[in-house]
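J.: Predicted model, plus sequence, below.
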Amino acid sequence: MKLYALVVLAGALLLGIAGCSERSQVVNYKQGTYQGKPDTPPYAGPPYNGDRAAWERAMAVRAQGQNEYKRTK
Amino acid sequence: MARMKFLCDAERCIECNGCVTACKQEHDVPWGVNRRRVVTINDGVPGERSISVACMHCSDAPCMAVCPVDCFYRTEEGVVLHDKDLCIGCGYCFYACPFGAPQFPQQGAFGVRGKMDKCTFCAGGPEKDGSPEEFAKYGRNRLSEGKLPACAEMCSTKALLGGDGDVISEIYRNRVTLRAARGTTSGGGVPWGWDSAYGRPQVTAAGTAPGTAPAPAPAAPGGKS
């Protein structure tokens, strides 16, 4: 019975100590490096699903839409 | 791929503000924030020039250099973006930017400065591509849809070009070569306005090499000069 009380007391003490602990809430700052969330490349999701070459081809074709010398005949 | 760039042809920009409107509409940009604007030099004077200005997505961006919380990053396509969750709205980037690109929403009676907002090259930000969170913070992510920035694609005179730097500089080089062949004005003097802004499409179709300039065409009726 005495042992049981000691175990309960030790557990309560541990819980009490844990309640006093403090977790760091600030950014782990590294001077000169991006601190924010990571971003995915534009071709990562659908419709390209990671196919960078297909995305680049699509962008190159799209860019020619700005060239009126190719649009007009 | 080279770097994503904007290129504004001052000979063609007619100060219509279509790019500004397209940007505001595309990204639901709030009042008081202008990610893009049109600047005119010598407004109303013959020889005036207009240019559409936004974030130039600098290779060595001063906003990145001065940000005290390092919330800026550059994508592998050369687009300078930032994390609004980290931005503290201090305004250092505004002072550092030579183009006045960083914008701050002013809310409340005392003009409290909010999180910085700027042109994203229609590339969104560090949220899931195409998500409502990304749209709310950064606007639409057109690059992930295989589209170019709305301002450039909506430009009626194609003064504003946007996309892969190599591609758009080639488009511009071709254009300049062709319009140089036109090179005269209806009234004499230095070519300006429509006279200097447009070449003739048939020159391209015929495959005329640069340097073999065709005879100058008369200026279009109703031209600016």
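T.: Received it, and whenever you're ready, just let me know what you need. Small disclaimer: the values here were computed from a predicted structure and weren't measured.
J.: Just the C-alpha atoms of the top helix by length along chain A, please, in PDB.
T.: If you go by DSSP state H, chain A has its longest helix at helix A:2-20. Presented in PDB, the C-alpha positions along helix A:2-20 are these (Å, rounded to 0.1, in the frame of the first residue of the first chain):
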ATOM      1  CA  LYS A   2       2.800   2.300   1.000                       C
ATOM      2  CA  LEU A   3       4.700   1.400  -2.300                       C
ATOM      3  CA  TYR A   4       1.500   2.200  -4.300                       C
ATOM      4  CA  ALA A   5       1.200   5.600  -2.700                       C
ATOM      5  CA  LEU A   6       4.800   6.300  -3.500                       C
ATOM      6  CA  VAL A   7       4.400   5.400  -7.100                       C
ATOM      7  CA  VAL A   8       1.300   7.600  -7.400                       C
ATOM      8  CA  LEU A   9       3.100  10.500  -5.700                       C
ATOM      9  CA  ALA A  10       6.100  10.100  -8.000                       C
ATOM     10  CA  GLY A  11       3.800  10.100 -11.000                       C
ATOM     11  CA  ALA A  12       2.100  13.200  -9.800                       C
ATOM     12  CA  LEU A  13       5.400  14.900  -9.300                       C
ATOM     13  CA  LEU A  14       6.500  14.000 -12.800                       C
ATOM     14  CA  LEU A  15       3.200  15.400 -14.200                       C
ATOM     15  CA  GLY A  16       3.700  18.500 -12.200                       C
ATOM     16  CA  ILE A  17       7.200  19.000 -13.500                       C
ATOM     17  CA  ALA A  18       6.000  18.400 -17.000                       C
ATOM     18  CA  GLY A  19       3.400  21.100 -16.600                       C
ATOM     19  CA  CYS A  20       6.100  23.600 -15.700                       C
END
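J.: So what's the gap between it and the chain middle?
T.: Computed by CA atoms, centre = their mean, to the nearest Å, the chain-centroid distance of helix A:2-20 equals 38 Å.
J.: For that helix, which residues meet the burial criterion?
T.: Buried residues in helix A:2-20, counted by 16 or more other CB atoms under 10 Å in any protein chain shown: none are found. C-beta here means a position set from N, CA and C on the backbone, and glycine is covered the same way.
J.: quick one: average pLDDT of it?
T.: Averaging pLDDT along helix A:2-20 gives 85.
J.: The residue in chain A positioned nearest to chain B: what secondary structure?
T.: Per CB to the nearest CB, A:Gly36 is where chain A lies closest to chain B, at 2.8 Å. Here A:Gly36 is recorded as coil under DSSP: H, G, I helix; E, B strand; the rest coil.
J.: Can you tell me the closest non-neighbouring residue to it?
T.: Nearest non-adjacent residue to A:Gly36, counting by CB to CB, 6 or more residues apart in numbering or on different chains: B:Asp83, 2.8 Å away.
J.: ok so, going back, kindly tell me how buried the residue of chain A closest to chain B is, as a neighbour count.
T.: Using other CB atoms under 10 Å in any protein chain shown, A:Gly36 is surrounded by 20 other residues.
J.: For residue 17, give me its contacts.
T.: Going with chain A. For A:Ile17, no contacting residues are found, by CB atoms under 8 Å, 6 or more residues apart in numbering or on different chains.
J.: The chain in question should be chain B.
T.: Contact analysis of B:Asn17 by CB under 8 Å, 6+ apart lists B:Val38.
J.: now swap in the one 5 residues further on and tell me
T.: For B:Ala22, the contact set (CB under 8 Å, 6+ apart) comprises B:150-151, B:153-154.
J.: Of these, grab the buried ones for PyMOL.
T.: Entered in PyMOL, the line below selects the buried ones among the contacts of B:Ala22, by 16+ other CB under 10 Å:
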select buried, chain B and resi 150+151+153
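J.: Make a markdown table from the contacts of B:Ala22 and add pLDDT to it.
T.: Putting the contacts of B:Ala22 into a markdown table (pLDDT from 0 to 100) gives the following:
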| residue | pLDDT |
| --- | --- |
| B:Ala150 | 97 |
| B:Cys151 | 98 |
| B:Glu153 | 96 |
| B:Met154 | 96 |
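J.: biggest separation within the contacts of B:Ala22, which pair?
T.: The most widely separated members of the contacts of B:Ala22, counting by CB to CB, are B:Cys151 and B:Glu153 (7.5 Å).
J.: Identify the residue spatially nearest to the residue nearest the centre of chain B, adjacent ones excluded.
T.: Computing the C-alpha centroid of chain B and ranking residues by CA atoms, centre = their mean puts B:Phe6 first, at 4.9 Å. Here the nearest residue to B:Phe6 in space, its sequence neighbours aside, is B:Gly162; by CB to CB, 6+ apart that works out to 5.0 Å.
J.: Torsion angles phi and psi at B:Gly162?
T.: Per-residue torsions, B:Gly162: phi -140, psi 140 (degrees, to the nearest 10).
J.: Nothing else from me, thank you.
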